[in-house]
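> The sequence isn't on hand, but the structure is:
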């Protein structure tokens, strides 16, 4: 996350690092949105944007976060080279794992093993108790990542024009999943193998072959950076670095809700309690996936995008 290391950002962090934040200890609520800030906190909101509580996580930038199968919450302390763990009741359980180098993302697999991706290089795997298990691509930058259903293929980004992959069971780099992105940040794999990526200027929908078939945006929005799926299976959440939080309908692109977070030195990660995770513990049974009608809507959204692109080419 090199965009966080600019001198201006460093000055802002220094100014707010000493600010006191009272940590709440309320149980986490299903469907709520957890927003990572640039001042050492994670804010829990209802889906309509009402602040529920503020978790004091560390200092500086908090980025990627995730829930395990028991709804324990893990947040990467990007500025502190740590990962913080909270119980489902909101209690701070202290640091989890170790050996990180600017950690930015965390992913939980179906067995509640925890994977942490670091900009300083590689992916570290821990068991649910925090004991180190293995590492992958130790010399490679990893920004955001997500685990496929096979429990071994990790998709990851590097703020560039590719969505990359690695087999974390054998530490084997794989071919890129997609080059149809420009500035890829957070991503999520859907149960059908499609991928949604926060891609800076817009949010991209990639089919199972890695080709862009649709995109999402809001006029005047800043840099789309954070992203996660909603438990309803038909929508997703994304956030810009300047604090806009929005929920989109996957099939139609309609903005279902949005609000702005302020006084947080930006937004650098999103998690949703109950979020469907293709390779993780997931939200349990009963979470709907888009039906045929929704998939038709997505195809129409892609057709509209293709027509817009063709019109732009003709006007040149």
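Sure thing, it's come through. Because the structure is predicted, anything quoted here is derived from the model rather than measured.

> Can you report how many residues neighbour residue 173?
Residue 173 is surrounded by 12 other residues when neighbours are defined as other Cβ atoms under 10 Å. Quick note: C-beta positions are derived from backbone N, CA and C, even for glycine.

> which residue sits closest to it, ignoring its sequence neighbours?
Counting by Cβ to Cβ, 6 or more residues apart in numbering, residue 166 is the residue found nearest to residue 173 once chain neighbours are left out, at 5.3 Å.

> so what's that neighbour up against?
Applying Cβ atoms under 8 Å, 6 or more residues apart in numbering to residue 166 gives the contacts 123, 136-137, 140, 153-154, 156, 172-174.

> which among those residues end up buried?
Neighbour-count burial within the contacts of residue 166 applies to 123, 136-137, 140, 153-154, 156; the criterion is 16 or more other Cβ atoms under 10 Å.

> where does the stretch 1-150 of the chain have low pLDDT?
Counting by pLDDT under 70, the ranges of the stretch 1-150 of the chain that qualify are 1-24.

> If we use 80, what do you get?
Residues of the stretch 1-150 of the chain that meet the criterion pLDDT under 80 lie in 1-25.

> how about the strands in it?
For the stretch 1-150 of the chain, the strands defined by DSSP state E, counting those that start in this stretch occupy 33-37, 41-45, 51-56, 62-67, 73-77, 82-86, 92-95, 103-108, 114-118, 123-126, 132-136, 145-147.

> Could you pull out the buried residues of stretch 208-223?
Judged by neighbour count using 16+ other Cβ under 10 Å, the buried positions of stretch 208-223 are 210, 212-218, 221-223.

> go on, stretch 115-125?
Neighbour counts using 16+ other Cβ under 10 Å place 115-119, 121-125 of stretch 115-125 among the buried residues.

> That one: end-to-end distance?
Using Cα to Cα, to the nearest Å, the end-to-end distance of stretch 115-125 comes to 4 Å.

> Repeat that for stretch 64-74.
Chord length of stretch 64-74, first to last residue, is 9 Å (Cα to Cα).

> what residues are up against the closest residue to residue 34 other than its chain neighbours?
Beyond its immediate neighbours in the sequence, the residue positioned closest to residue 34 (Cβ to Cβ, 6+ apart) is residue 271, lying 4.3 Å away. With contact set as Cβ under 8 Å, 6+ apart, residue 271 has these partners: 33-34, 36, 65-67, 73, 228.

> Looks like residue 259 contacts residue 50 (just checking).
No - judged on Cβ atoms under 8 Å, residue 259 makes no contact with residue 50 at a distance of 9.1 Å.

> When these two are compared, which one has more neighbours?
More crowded of residue 259 and residue 50, by other Cβ under 10 Å: residue 259, with 15 against 10.

> Are we agreed that residue 174 is in a strand?
Yes - counting by DSSP: H, G, I helix; E, B strand; the rest coil, residue 174 is found in a strand.

> mind checking how far the residue lying closest to it once chain neighbours are set aside is from residue 280?
Closest residue to residue 174 in three dimensions, ignoring its sequence neighbours and counting by Cβ to Cβ, 6+ apart: residue 165, at 4.1 Å. In this view, residue 165 and residue 280 are 17 Å apart by Cβ to Cβ, to the nearest Å.

> Between those two, point out the one with more neighbours.
Between residue 165 and residue 280, counting by other Cβ under 10 Å, residue 280 is the more crowded of the two (24 against 20).

> State the distance from the more buried one to residue 79.
Going from residue 280 to residue 79 by Cβ to Cβ gives 26 Å.

> now residue 265
Using Cβ to Cβ, residue 265 is found at 11 Å from residue 79.

> One more: residue 86?
When distances are taken as Cβ to Cβ, residue 86 and residue 79 turn out to be 18 Å apart.

> When the two are compared, which one has more neighbours?
The residue with more neighbours, out of residue 86 and residue 79 and counting by other Cβ under 10 Å, is residue 86; that gives 25 against 21.

> Identify the bridge partners of the residue lying closest to that one once chain neighbours are set aside.
Spatial nearest neighbour of residue 86, chain neighbours left out: residue 73 (4.3 Å); criterion: Cβ to Cβ, 6+ apart. On the basis of DSSP bridges, residue 73 takes part in beta bridges with residue 67, residue 86.
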